[in-house]
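Trainee: Need coordinates for the below:
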Amino acid sequence: MGTATIQVRVLAVAGRRVWVAVSGTLSAATLRVLHYNLCARVTDERTEFYLDFNAVRWDENLPAAELPRLLPPGGRLRFHIVGAPVSLRGQLGSDVRCRFHSDIASAWSEWSRQP
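Mentor: Take a look at the predicted model:
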């Protein structure tokens, strides 16, 4: 078995919004790396995150209880989650800061409507 890796790339920044593409395997170890990466991007100016998970493989051994630890804390933060599997939607669905998009087109449409 190989080592799980995760890659985080910022694709766009506009006003308070940041579009982040994530690729690799989301496991217990890489979930922490992704969490800290997102925390480092939170500033007064950057509070709305579009997280594109379309290129992520989900480690089947990742406990569902770990998923809520993915997102940084903060009531002013908003997360638009693109391409997430049902397990992530189930774990983060009660988080009022999250909005789920089934595809990039719906997320991009929302991004484009904002000033």
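Trainee: What residues sit buried inside stretch 31-46?
Mentor: Of the residues in stretch 31-46, Leu31, Val33, Leu34, Asn37, Leu38, Val42 count as buried by neighbour count, 16 or more other CB atoms under 10 Å. C-beta coordinates here come from the backbone N, C-alpha and C atoms, glycine included.
Trainee: quick one: average pLDDT of it?
Mentor: Per-residue pLDDT values across stretch 31-46 average out to 91.
Trainee: Not counting it itself, show me its contacts.
Mentor: The contact list for stretch 31-46 (CB atoms under 8 Å, 6 or more residues apart in numbering) reads 6, 8, 10, 13, 15-18, 20, 22, 26, 49, 51, 62, 66-67, 69-72, 74, 77.
Trainee: Please apply the same query to stretch 92-112.
Mentor: With CB under 8 Å, 6+ apart as the test, stretch 92-112 has contacts from 12, 14, 17, 19, 50, 52, 54, 67-68, 70-71, 75, 77-84, 89.
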